[in-house]
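In: The sequence isn't on hand, but the structure is:
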Ligand SMILES: Cc1ncc(COP(=O)(O)OP(=O)(O)O)c(N)n1
Ligand SMILES: Cc1nc(C(=O)O)sc1CCOP(=O)(O)O
Ligand SMILES: [Mg+2]
């Protein structure tokens, strides 16, 4: 490229850089506010602030001077989706994308302006990817720590409708448990259920199958005592995903926690046709968990609204249910009722 053509295109390049420095900084500010005021997460808020300051240094007066808002044909353009965000997750995601796109533009057009700005922008884009992954992991762990009711699904002709009804009652944690479909159907259902859960801001966990959890981009997997090790599941899924483990006695609980389970199932509290043949561990095991568990845990097995109070009195901070929700006439009301009871009992100490 010769000097003349460079001079001719310079105002356009500077206008592009100016607009994208603004875009990246604004997006970062929106994410920073959430990290600071909602998550109270100093490290993530500081990372956003530092990136904004670095962008501010690259955004020199000469680039700012190229701004020509009056002639900008793009100021009135907005996508209908920009006006409507259904939840905080979507809002954060949209702004992370906005920052990543702006940094990519700066990286490319920056090559015509300053190689150091271009390469700095590329490095910053990778920092934003890391921030995105940290934010997602943090949100997952928070949702898990705060979840008190866990729906484990059973086969139903209107499975997704029932899960949606339960989500409408305020459920934030769902496990897809399917012992009868083939893998093609399982994966298709898992993907749909995952989307549904995320639409309602809930976590989606897959029972047994790490491979399908990965393929469906689930938030995690639930492993039984006969399934693969927690370490191997992490190796396959990555450190950001949740790995839960069933436990039936104090030894299994201790081992699951030592092996790094993110949460444990504690049961069966009562014998249940959903898991026929498995002896009840009883309320004594719930009491043991209440004293000893150091990760989030859910009492499971035969729990419904007739005995929930006993399970809560034994010290369970959260419960997992199949029939009480899946077979309820109205899953929304069933969830609301159980959450009402669960929330009457204050959370004693930290669950994480
Ligand atoms: C929350 C929760 N706890 C325990 C179980 C049981 O898991 P597992 O022992 O693998 O048995 P199946 O569910 O596979 O029959 C669970 N699913 N969820
Ligand atoms: C899937 C499962 N796991 C259990 C365990 O103790 O590990 S009990 C259970 C079934 C729970 O079903 P319901 O709520 O219908 O009794
Ligand atoms: Mg299992």
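Out: Ah, there it is. If you're wondering where the values come from, they're calculated on a predicted model, not measured in any experiment. Ligands and ions are numbered 1, 2, ... in the order given.
In: Work out for me the element the residue of the stretch 1-150 of the chain found nearest ligand 2 sits within.
Out: Proximity of the stretch 1-150 of the chain to ligand 2 (Cβ to the nearest ligand atom) peaks at residue 150, 10.0 Å away. Placement of C-beta: from N, CA and C, glycine included. Under the criterion of DSSP states H and E, residue 150 resides in strand 149-152.
In: Check which strands are paired with that strand and give the direction for each one.
Out: Paired neighbours of strand 149-152 in the sheet (DSSP bridges): strand 173-176 (parallel), strand 319-321 (parallel).
In: Low-confidence stretches in the chain?
Out: Applying pLDDT under 70 to the chain flags the ranges 1-9, 69-86, 347-352.
In: List the buried residues of stretch 278-286.
Out: Neighbour-count burial for stretch 278-286, counted by 16 or more other Cβ atoms under 10 Å, picks out 281-283, 285-286.
In: Would you mind giving the residues you listed as CSV with secondary structure and distance to ligand 2 added?
Out: What follows is the buried residues of stretch 278-286, written out as CSV (DSSP: H, G, I helix; E, B strand; the rest coil; distance: Cβ to the nearest ligand atom, whole Å):
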residue, secondary structure, distance to ligand 2
281, coil, 7
282, helix, 11
283, helix, 13
285, helix, 10
286, helix, 11
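In: wait, what's in contact with the residue in the stretch 151-300 of the chain positioned nearest to ligand 3?
Out: Among the residues of the stretch 151-300 of the chain, residue 224 lies closest to ligand 3, at 3.3 Å counting by Cβ to the ion. The contact partners of residue 224, by Cβ atoms under 8 Å, 6 or more residues apart in numbering, come to 208, 245-246.
In: which one of these sits closest to residue 59?
Out: residue 245 (49.7 Å; Cβ to Cβ).
In: who's in contact with the spatially most central residue of the chain?
Out: By Cα atoms, centre = their mean, the chain has its centre lying nearest to residue 140, at 3.9 Å. Counting by Cβ under 8 Å, 6+ apart, residue 140 touches 203, 219-220, 240-242.
In: so how far is residue 238 from it?
Out: 12 Å (Cβ to Cβ, to the nearest Å).
In: How about the residues of the stretch 251-352 of the chain by ligand 2?
Out: Within reach of ligand 2 by Cβ under 6 Å from any ligand atom, the stretch 251-352 of the chain has these residues: 265, 267-268, 272, 274-275, 300-303, 321-324.
In: out of everything not next to it in sequence, what's closest to the residue of the stretch 101-250 of the chain found nearest ligand 2?
Out: Closest contact between the stretch 101-250 of the chain and ligand 2, by Cβ to the nearest ligand atom, is at residue 246 (4.1 Å). Closest residue to residue 246 apart from its sequence neighbours, by Cβ to Cβ, 6 or more residues apart in numbering: residue 265 at 4.4 Å.
In: Would you mind measuring from residue 190 to residue 217?
Out: 9 Å.
In: for the stretch 151-300 of the chain, what spans make up the helices?
Out: 159-168, 183-199, 210-215, 230-237, 250-258, 282-292 (DSSP state H, counting those that start in this stretch).
In: could you dump those helices to CSV with distance to residue 113?
Out: Output for the helices of the stretch 151-300 of the chain, formatted as CSV (distance: least, Cβ to Cβ, whole Å):
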stretch, distance to residue 113
helix 159-168, 49
helix 183-199, 39
helix 210-215, 41
helix 230-237, 41
helix 250-258, 54
helix 282-292, 60
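In: quick one, which of those helices is nearest to residue 45?
Out: helix 183-199 (24.4 Å).
In: Could you tell me the angle between that closest one and helix 159-168?
Out: 20 degrees (axes from the mean of the first three to the mean of the last three Cα atoms, to 10 degrees).
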